[in-house]
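Asker: Please find the sequence and the predicted model below.
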Amino acid sequence: MGGEIHPREIPVGMPVEFLVRAADVNHGFGLYDPDGRLVAEVQAMPGYTNRLTYVFKKPGTYKVLCLEFCGVLIMPWPPPLPYRGGKR
């Protein structure tokens, strides 16, 4: 999964349609609002184009992240161990 979103600035209150597909394996297309909350999701699968329509309710920077552990580096893996003082 990956790609570009054009235009990069979208007016608040305007519906936007995402055409979501994958070239390799299944991915989970997750749209996160500026507060980090998941506001929309759809599957991205090879051979299919799924449509996701979303109306942006507030201004800010939204993020698209994969919801699957697909091998695309989105967060450090494995996750860091919790620090409890002393040795890790």
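Answerer: Sure, I can see it.
Asker: Does anything pack onto the worst-scoring helix or strand of the chain on mean pLDDT? Which helices or strands?
Answerer: None of the helices or strands of the chain scores lower by mean pLDDT, DSSP states H and E than strand 63-66, at a mean of 83. With contacts defined as 3 or more C-beta pairs under 8 Å, 6 or more residues apart in numbering; DSSP states H and E, strand 63-66 has these neighbours: strand 27-32. Bear in mind the C-beta positions are built from the backbone N, C-alpha and C, glycine included.
Asker: Residue ranges in the chain under the pLDDT threshold?
Answerer: Scanning the chain for pLDDT under 70 picks out 1-8, 70-88.
Asker: tell me which residues in the least confident helix or strand of the chain are buried?
Answerer: 64, 65, 66 (16 or more other C-beta atoms under 10 Å).
Asker: Would you give the sheet partners of that strand, along with the direction of each?
Answerer: strand 27-32 (antiparallel) (DSSP bridges).
Asker: next SSE after the partner strand?
Answerer: Per DSSP states H and E, the first helix or strand lying C-terminal to strand 27-32 is strand 38-44.
Asker: Need the residues that contact that next one.
Answerer: If you take C-beta atoms under 8 Å, 6 or more residues apart in numbering as the criterion, strand 38-44 is touched by 1, 18, 20-22, 26-33, 50-52, 54, 62, 67.
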